[in-house]
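Chemist: Structure for this input, please:
(one chain, ligands or ions: 1)
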Amino acid sequence: MAGAASQTEHELKETLIFSPRYAIDIGPHVFPTRKYSLVRERFADRPVKEPGPATWEQLALVHTPEYLTKLRDGTMTREDIAQLELPWSREMVDGFRTMVGGTIEAAASAVSSRHGAIHIGGGLHHAFPNHGEGFCPFNDVAVAARLLQLQGVERLAIIDLDVHHGNGTAFIFESDPRVFTFSMHQQHNYPMWKPRGSLDIGLPDGAGDVAYLRELERALPQALAHRPEAIFYLAGADPYEDDLLGGLRLTKGGLRQRDRMVIDAVRGASLPIVITLAGGYARRLEDTVAIHAATIEEALAA
Ligand SMILES: [Zn+2]
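Modeler: Numbers count the residues shown, from 1 in each chain. Model (predicted):
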């Protein structure tokens, strides 16, 4: 009986965060913004917390006033839009502001519960202070990390396992020794310029499960050795073998093992974990959804 009670209590500690506003209309696009609602449907029996949009003041903890003005007023240049690779609209800006709000909410929940929170969204790691790129208008994890620091949670680690290097995140925290930025990615892929993070592992094309998991096992203790007080995990689905924008050729089983390895390591160190989904562009949308759902299953089971 006590076991059942503590099981329920444990499950309630895992907060799911999601908003239907993430299904942003960006026209025909390789980025399937429908994936968020489809992942949420997989956990329809669980309650979700719905975030409000990040305020412009919160966004200004990371982004420059000039850049925020362009997004707010719709005065982005053609070059800005080409670099962001998303069409500007009020709905786009508000949808992504809400997504930043989701990561802020997840970080607050994870730290206050001293356990974890799962954001069915986020991981917009290509956004820089003064511009957006690669489908990322705002850097949600960076904004949430800055807010935690303001609340006294200063030492953080970011484990970024999206197939693409976390260029914006690395740049933002380059001169902040309190934040350990770890990115493991496909070396010969976007972005061309990879600002140096605390630990960057650029894998060769077609690395596969075995090499990937071996590198990860070696790297995780380095992130933990930084003695972070909380961890952000970007669980990108795009290292998958049938991804249109990735070429690391991991299987679904390999990706699930990856998630378990990260979650076990963080739990083993008794640290709160903030999980965001990041990229995923599988040829079949249902594969991307299944990979993200597996990440959440592993987090709920841990
Ligand atoms: Zn990616």
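
Chemist: so Leu161 touches Gly236, yeah?
Modeler: Yes. Counting by C-beta atoms under 8 Å, Leu161 touches Gly236, with 5.8 Å between them. For the C-beta atoms, the positions are set from N, CA and C on the backbone; glycine is no exception.

Chemist: wait, what's in contact with the residue in the chain that the ion sits nearest to?
Modeler: Going by C-beta to the ion, the ion is nearest to Gly279 of the chain, at 2.8 Å. Listed by C-beta atoms under 8 Å, 6 or more residues apart in numbering, the contact set of Gly279 reads Gly123, Phe135, Asp162, Val163, His164, Gly236, Ala237, Asp238, Leu245, Gly246.

Chemist: Chain neighbours aside, what residue packs nearest to the second one?
Modeler: Looking back up the chat, that one is Phe135. Excluding the flanking residues, the one nearest Phe135 by C-beta to C-beta, 6 or more residues apart in numbering is Phe31, at 4.9 Å.

Chemist: hang on, the earlier thing: what do Leu161 and Gly236 both touch?
Modeler: By C-beta under 8 Å, 6+ apart, the residues touching both Leu161 and Gly236 are Ala278.

Chemist: How many neighbouring residues does the nearest residue to Trp193 once chain neighbours are set aside have?
Modeler: Spatial nearest neighbour of Trp193, excluding adjacent residues (C-beta to C-beta, 6+ apart): Asn167 at 6.7 Å. When neighbours are counted by other C-beta atoms under 10 Å, Asn167 registers 25.

Chemist: Trp88 now?
Modeler: 16.

Chemist: and the gap between it and Pro221?
Modeler: 43 Å (C-beta to C-beta, to the nearest Å).

Chemist: same question, Val30
Modeler: 35 Å.

Chemist: Tell me the span between the first and last residue of stretch 198-216.
Modeler: One end of stretch 198-216 to the other measures 15 Å (C-alpha to C-alpha, to the nearest Å).

Chemist: now swap in stretch 243-254 and tell me
Modeler: Span of stretch 243-254 from end to end, C-alpha to C-alpha: 14 Å.

Chemist: I'd like the average pLDDT over that stretch.
Modeler: Regarding stretch 243-254, the rounded mean pLDDT is 98.

Chemist: before we move on, what about stretch 214-224?
Modeler: The average pLDDT within stretch 214-224 is 98.

Chemist: repeat for stretch 182-192
Modeler: Rounded mean pLDDT across stretch 182-192 is 98.

Chemist: quick one: it near the ion?
Modeler: No. Stretch 182-192 lies out of reach of the ion by C-beta under 5 Å from the ion, never closer than 8.0 Å.

Chemist: Ok, stretch 33-41 next?
Modeler: No. Against the ion, stretch 33-41 shows no contacts by C-beta under 5 Å from the ion, the least distance being 12.8 Å.

Chemist: tell me which residues of that stretch are tucked away?
Modeler: Residues of stretch 33-41 classed as buried by neighbour count (16 or more other C-beta atoms under 10 Å): Thr33, Lys35, Tyr36, Ser37, Leu38, Val39, Arg40.

Chemist: From Thr251, how far off is the fourth one?
Modeler: Okay, so that is Ser37. Ser37 sits at a distance of 26 Å from Thr251 (criterion: C-beta to C-beta).
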